[in-house]
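**Student:** sharing a sequence plus its predicted fold:
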Amino acid sequence: MGLLRDLIDVFLHLDSHLAQWAAILGNSLYVVLFLIIFCETGLVITPLLPGDSLLFAVGALASVQNLPLNLALIAVLLSIAAIAGDSVNYAVGYRVGPRVFKRENSRLLNQNYLLRAQRFYEKHGGKTIIIARFVPIIRTFAPFVAGIGRMNYARFAFFNISGGILWVLCFLLGGYYFGNIPVVKRNFHFVIFAIIVISCLPAVIEYLRARRQAGERTPDDISNSARRPLTTESGADEDRP
């Protein structure tokens, strides 16, 4: 319970904790921030690391004088971290996905899930990669599933780069320009909580919409959908990472 309490405290008071880390670590803080963003986007085992809230807090901290943080350098480094993280995640999904999702009778590693992932990314892949950037946890798994679904890598790379830069700049600049407004600074923990809640709303809405649509489908529709042959997008084999 003590560790959980400490983690919650770090999440809700990132501004004060980052200020302490900056004073202790100096320029080494750049490396720590790079690793946090890279791991949150690149490793499926670390989806709970702070992303949106961390970027907002870092932006707010960068606007404070006498602290060793350069906004332009942070923006470049964290954009690279976000893009590299998604690229690694995609590559892992591309390599291991088809080997893991082999059986049709498995509850978790069902080949039908692989088929659905492929069809989903053929239809919605580009916008999904960008939108997922702004949804905690989902952004960690989206590139992994894109790799499993054999999304064309050139297409993935385009949306990965544009989405990564957009995500980092939105929250970083948001924190830089608004994070030190007196009312925001006094209620920073509420702002962080609001960012987390608002970021999760698209996933909740999509989940409820999917459940409603699933309730409207007949068993025959579901069965026929699962039996469609697995095909890869054109150029997928040539564009492997």
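**Tutor:** Noted; the coordinates are in hand. Note that the structure is predicted; figures quoted are calculated from it, not measured.
**Student:** grab the nearest non-local neighbour of residue 167.
**Tutor:** residue 133 (3.9 Å; C-beta to C-beta, 6 or more residues apart in numbering). The C-beta positions use only the backbone N, C-alpha and C, and glycine is treated the same way.
**Student:** please state the backbone phi and psi of residue 149?
**Tutor:** phi -80, psi 0 (degrees, to the nearest 10).
**Student:** what number of residues lie near residue 197?
**Tutor:** For residue 197, the neighbour count with other C-beta atoms under 10 Å is 11.
**Student:** ok so it is a helix residue?
**Tutor:** Yes - under DSSP: H, G, I helix; E, B strand; the rest coil, residue 197 falls within a helix.
**Student:** one step back: do I have it right that the residue nearest to residue 167 meets residue 166?
**Tutor:** Yes - between residue 133 and residue 166 there is a contact under C-beta atoms under 8 Å: 7.0 Å.
**Student:** who's in contact with the residue nearest to residue 167?
**Tutor:** Taking C-beta atoms under 8 Å, 6 or more residues apart in numbering, we find residue 133 in contact with 82, 139, 163-164, 166-167.
**Student:** if you set the cut-off to 6 Å instead, what comes out?
**Tutor:** 139, 163, 167 (C-beta atoms under 6 Å, 6 or more residues apart in numbering).
**Student:** so what's the first one up against?
**Tutor:** When you say that, I think you mean residue 139. So residue 139 contacts 132-133 (C-beta under 6 Å, 6+ apart).
**Student:** where does it fall, secondary structure wise?
**Tutor:** For residue 139, the element it lies in under DSSP states H and E is helix 138-148.
**Student:** with just CA atoms, put that helix into CSV.
**Tutor:** Output in CSV follows, covering the C-alpha atoms of helix 138-148 (Å, rounded to 0.1, in the frame of the first residue of the first chain):
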residue,chain,number,x,y,z
ILE,A,138,-4.1,2.3,-25.4
ARG,A,139,-1.1,4.2,-26.8
THR,A,140,1.2,1.5,-25.4
PHE,A,141,-0.7,-1.4,-27.1
ALA,A,142,-1.8,0.3,-30.4
PRO,A,143,1.6,0.0,-32.2
PHE,A,144,2.0,-3.6,-30.9
VAL,A,145,-1.4,-4.5,-32.3
ALA,A,146,-0.5,-2.7,-35.6
GLY,A,147,2.5,-4.9,-35.9
ILE,A,148,0.5,-8.0,-35.2
